[in-house]
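Student: give the three-dimensional model of this entry:
(2 chains)
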Amino acid sequence: QLQLQESGSGLVRPSQTLSLTCDVTGDSIINGGYSWTWIRQPLGRGLEWLGNIYHSGTTSFSPSLESRLTMSVDASKNQFSLNLTSVTAADTAVYYCARVTTVGRGDCFDYWGQGILVTVSS
Amino acid sequence: DIQMTQSPSSLSASVGDTVTITCRASQTIGNYLNWYQQKPGKAPKLLIYGVSNLESGVPSRFSGSRSGTDFILTITSLQIEDFATYYCQQSSTTPRTFGLGTKVDI
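Tutor: Residues are numbered from 1 along each chain as shown, chains lettered A, B, ... in the order given. Below is the predicted model of the structure:
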């Protein structure tokens, strides 16, 4: 059974960098046909897609965050990571990692981590 | 960005009811529409992908369909465990976008 688990700092100072890691167990992260994603949800609000990363390292980001966002894959550790720079209070949210499965020309998020709350505050 | 508009934003229902939730996209998205269920404090769970394909393990009382520009999630014979918030999401273009959610409560 595939499982994903987020980890990282739960408190980040304004203007600093938010860094999270998603550990994947139950399958290899470089198994073809899948990519990996980060999605966030401010408390009590809706879901926002941040971006995808493929096992090759190719990324696709939300244009609204692209200038502050990087993602990477570490196949040796079977994990992928998110860095978001220059954070503000608006970046406070629960951050989820998830697997992306291709469906025709579209895709869906079929396995999710439990989420990690990140608060931006001084 | 494609805006996904869900209606209603909330609804009250009883066990055994049939519930329908509608999602409309601001642009054409083909059949690239997914539905998720989220319970408080939990991650979203994929219910339906590609408009009408039921994810493995999801009860058959959940179904998805399309009527013109409207995408519809139907829950027949509502069970107590179905009280949750439901989100639609398009996978036609980047950025992927979600509706604001429909909260189904008692």
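
Student: interface residues of chain A facing chain B?
Tutor: Proximity of chain A to chain B (Cβ under 8 Å from any Cβ of the partner chain) is limited to residues A:46-49, A:60, A:62-64, A:96, A:98, A:101, A:103-110, A:112-115. (Glycine included, C-beta is placed from N, CA and C.)

Student: in helices, which of the residues you listed appear?
Tutor: Among those, none falls in helices (DSSP state H).

Student: which of the residues you listed count as buried?
Tutor: Among the residues of chain A next to chain B, those classed as buried by 16 or more other Cβ atoms under 10 Å in any protein chain shown are A:46-49, A:60, A:62, A:96, A:98, A:101, A:103, A:106-110, A:112-113, A:115.

Student: quick one, strands of chain B?
Tutor: Per DSSP state E, chain B carries strands over the ranges B:4-7, B:10-12, B:19-25, B:33-38, B:45-49, B:53-54, B:62-67, B:70-75, B:85-90, B:97-98, B:102-105.

Student: ok so residue A:67 is a strand residue?
Tutor: No: using DSSP: H, G, I helix; E, B strand; the rest coil, the assignment for residue A:67 is helix, not a strand.

Student: any idea of the pLDDT on it?
Tutor: Residue A:67 carries a pLDDT score of 97 in this model.

Student: cool, and residue A:32?
Tutor: 73.

Student: for the residue nearest the centre of chain B, list the residues it contacts.
Tutor: The centroid of chain B falls nearest to residue B:35 when counting by Cα atoms, centre = their mean (3.9 Å). Going by Cβ atoms under 8 Å, 6 or more residues apart in numbering or on different chains, residue B:35 touches B:23, B:46, B:47, B:48, B:49, B:62, B:64, B:73, B:86, B:87, B:88, B:89.

Student: show me what contacts the last one?
Tutor: If a contact means Cβ under 8 Å, 6+ apart, then residue B:89 has A:47, A:108, A:109, B:4, B:33, B:34, B:35, B:36, B:96, B:97, B:98, B:99 as its contacts.

Student: the second one and residue B:31 touch, don't they?
Tutor: No: here residue A:108 does not reach residue B:31: they are 11.9 Å apart, not a contact under Cβ atoms under 8 Å.

Student: and the residue of chain A nearest chain B?
Tutor: residue A:106 (3.3 Å; Cβ to the nearest Cβ).

Student: bridging residues for that residue?
Tutor: Judged by DSSP bridges, the bridge partners of residue A:106 are residue A:103.

Student: what distance do you get for it to residue B:36?
Tutor: Residue A:106 sits 14 Å away from residue B:36, going by Cβ to Cβ, to the nearest Å.

Student: burial of residue B:2, as a residue count?
Tutor: Using other Cβ atoms under 10 Å in any protein chain shown, residue B:2 has 16 other residues around it.

Student: that one against residue B:97, yeah?
Tutor: Yes: contact criterion Cβ under 8 Å: residue B:2 and residue B:97 qualify, at 5.3 Å.

Student: give me the common contacts of the two.
Tutor: With Cβ under 8 Å, 6+ apart as the test, residue B:2 and residue B:97 both reach residue B:90.

Student: nearest residue to residue A:17 in space, please, no chain neighbours.
Tutor: residue A:85 (4.9 Å; Cβ to Cβ, 6 or more residues apart in numbering or on different chains).

Student: follow-up on the earlier one: my guess is the residue of chain A closest to chain B contacts residue B:30. True?
Tutor: Yes: counting by Cβ under 8 Å, residue B:30 is a contact partner of residue A:106 at 7.5 Å.

Student: between these two, which contacts overlap?
Tutor: Between them, residue A:106 and residue B:30 share these contacting residues under Cβ under 8 Å, 6+ apart: residue B:92.

Student: much appreciated, bye for now.
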